[in-house]
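# pasting the sequence and the predicted model now:
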Amino acid sequence: MGRSAVNGQLDLLLLASLGAGEAHGYALIARIHERSGARLELQEGSVYPALHKLEASGCVASRWADDDAGRRRVYTLTRAGETELARRADEWNGFAAAVRGVLGAAS
């Protein structure tokens, strides 16, 4: 999938990934890669600014945590983030259904 398509849905992907539990940025990138069947490869340069934007909007909260790899910022979905995730997922599902309808009509 092209970068522009992924970037257009990056917030949704991050919110959905955080719905599975808190994680640091690299873990979110790996989680999305794995759950997409290795079809989506996100770059740090786009993920961290998106996480900061989601945090500023109140959808995501973060804290510093220490682990074997050192000190990392760990992100978690807030209640507002859960609401936003549900809204965006509904919007995406409607869009995907519309595209499937168009593709089916073209066959």
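Ah, there it is.
# can we go C-alpha only for contacts and neighbour counts from here?
Noted.
# and the lengthiest helix in the chain, what's buried?
In the chain, assigned by DSSP state H, the helix with the most residues is helix 79-106. For helix 79-106, the neighbour count (16 or more other Cα atoms under 10 Å) marks 81-82, 84-85, 88-89 as buried.
# hey, where'd the strands end up in this protein?
For the chain, the strands defined by DSSP state E occupy 23-24, 60-67, 70-77.
# what's the closest of these to G101?
With Cα to Cα, the closest approach to G101 among those belongs to strand 70-77: 32.7 Å.
# sheet-wise, list the partners of the closest one with their directions.
strand 23-24 (antiparallel), strand 60-67 (antiparallel) (DSSP bridges).
# buried deepest among those strands, which one?
Stretch with highest mean neighbour count among the strands paired with strand 70-77: strand 23-24 (a mean of 18; mean count of other Cα atoms under 10 Å).
# quick one: mean pLDDT over it.
For strand 23-24, the mean per-residue pLDDT is 95.
# now swap in stretch 32-50 and tell me
If you average the pLDDT values across stretch 32-50, you get 93.
# just the buried positions in it, please.
Across stretch 32-50, burial judged by 16+ other Cα under 10 Å covers 32, 40-42, 47, 50.
# mind putting those residues into CSV with distance to R72?
As requested, these are arranged in CSV below (distance: Cα to Cα, whole Å):
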residue, distance to R72
I32, 19
L40, 23
E41, 21
L42, 19
V47, 15
A50, 17
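# and which of those is nearest R100?
When the buried residues of stretch 32-50 are compared against R100 (criterion: Cα to Cα), the nearest one is L40, at 20.4 Å.
# so which residue is smack in the middle of this structure?
The residue at the geometric middle of the chain, judged as the C-alpha nearest the mean C-alpha position with Cα atoms, centre = their mean, is L14 (1.5 Å).
# sorry, back to before: inside helices: which ones of the buried residues of stretch 32-50?
With helices taken from DSSP H, the overlap with these comprises 32, 47, 50.
# biggest separation within the buried residues of helix 79-106, which pair?
Across those, the two members that end up farthest from each other (Cα to Cα) are G81 and A89, 11.8 Å apart.
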